[in-house]
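K.L.:
sequence and predicted structure are below.
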Amino acid sequence: MKITLVRHGQTEANYNHIIQGRVVNKELNETGQKACYQLRERLKDVDFSICYMSPMLRTVETAFILVGDRVETVPDTRLLERDMGELSGQSREKYDAVTYWDYDLNCSSLGVEPVQDVFKRCQEFLDYVIKKHSGEHILIVSHGAVIRACHHLLHHHNLHKNLLNVNISNLYCETIEILDKKK
């Protein structure tokens, strides 16, 4: 089985370093759309069985550009962006990523969704997908926090170490092969 993780394309909020979370629900900007069409070209020969996506505009638009005309796309609320609470709509300068991505600290100040909750819902989603789509190639289109969590979970990383050691930029794309545990 293979899982390809893709973060949505750029939005104006991304460009302007504004925290989106779940509150800011905007479409891709022109740069984001163009980059999606470039990634679509790179992925055109990949035989995805299905595409799961967050139901937010930026991820739905990304998924439809990438594969919407050839693969079933299924929204799943477990792929929603991390709830950023009072930080939604604020400048990225107000966000202390080191604090909010410390698994042991599990900070929820300002109403930010605790990182352990993000990992829990991502693990539940991945368990479901891996069981349901064994032997298939699945595309997952979501947001930075969810893609970061899925990346660490699928690579079986130690969650008590640096969770910020991978740059999940707009249209981050990674394919991970899941080995069958029965073999």
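P.N.:
Structure received.
K.L.:
any buried residues in the longest helix along the chain, and which?
P.N.:
In the chain, assigned by DSSP state H, the helix with the most residues is helix 115-132. Within helix 115-132, the residues that count as buried by 16 or more other CB atoms under 10 Å are 115, 118-119, 121-122, 125-126, 129-130. All C-beta atoms are positioned from the backbone trio N, CA, C, and that covers glycine.
K.L.:
contacts for stretch 152-163, please.
P.N.:
Stretch 152-163 has contacts (CB atoms under 8 Å, 6 or more residues apart in numbering) with 3, 5, 101-104, 115, 119, 122-123, 126, 148, 166, 176, 178.
K.L.:
mind doing that once more with 7 Å?
P.N.:
3, 101, 103-104, 119, 122-123, 126, 148, 176 (CB atoms under 7 Å, 6 or more residues apart in numbering).
K.L.:
now for those residues: which two are most distant?
P.N.:
Ile3 and Asp104 (26.8 Å; CB to CB).
K.L.:
neighbour count: those two, which is higher?
P.N.:
Ile3 (21 against 9; other CB atoms under 10 Å).
K.L.:
which residues touch the nearest residue to Glu177 once chain neighbours are set aside?
P.N.:
Closest residue in space to Glu177, ignoring its immediate chain neighbours: Lys2 at 5.3 Å, by CB to CB, 6 or more residues apart in numbering. Counting by CB under 7 Å, 6+ apart, Lys2 touches 137, 175-178.
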